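Novice: build me a model:
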Amino acid sequence: MGDLAATTLLADLGDSLASFVVVFIWVYTLLVFAYILTSWVRLPYNPWLNRIQRFLYDVCDPYLRIFRRFLPPLGPVDLSPMVAIFVLLILQNVLSSLLQRL
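Specialist: Residues are numbered from 1 along each chain as shown. Next up is the predicted model:
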């Protein structure tokens, strides 16, 4: 009976971790989209908007810098957010499938 309980607990842990990974990557993808939008639009000076924009920069830019090192600049077009989101989606699929197998 103890083995069944441990197996059930492990399966529940795998499902919980898989759903956490899916939600975390979904939220991070939304943050990257918000970062892209705020970088395109010149926002009026407002302390709250400035804090939000700074938060998005602090959260998203270190991840995007990884891809900016490898992608050549194409003039004013920055392809690093698109590649970064694509990598996030691949990572989400791989991690959720691995965690659901537990």
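
Novice: so V32 sits against P81, correct?
Specialist: Yes. V32 lies in contact with P81 (C-beta atoms under 8 Å); the separation is 5.7 Å. C-beta here means a position set from N, CA and C on the backbone, and glycine is covered the same way.

Novice: and the two? which has more neighbours close in?
Specialist: V32 (22 against 19; other C-beta atoms under 10 Å).

Novice: low-confidence stretches in the protein?
Specialist: 1-11, 102 (pLDDT under 70).

Novice: quick one: contacts for the residue nearest in space to the middle of it?
Specialist: Nearest to the mean C-alpha position of the chain, by C-alpha atoms, centre = their mean, lies Y28 at 3.2 Å. Contact analysis of Y28 by C-beta atoms under 8 Å, 6 or more residues apart in numbering lists V59, Y63, L88.

Novice: same thing but 7 Å
Specialist: L88 (C-beta atoms under 7 Å, 6 or more residues apart in numbering).

Novice: secondary structure element for it?
Specialist: helix 2-40 (DSSP states H and E).
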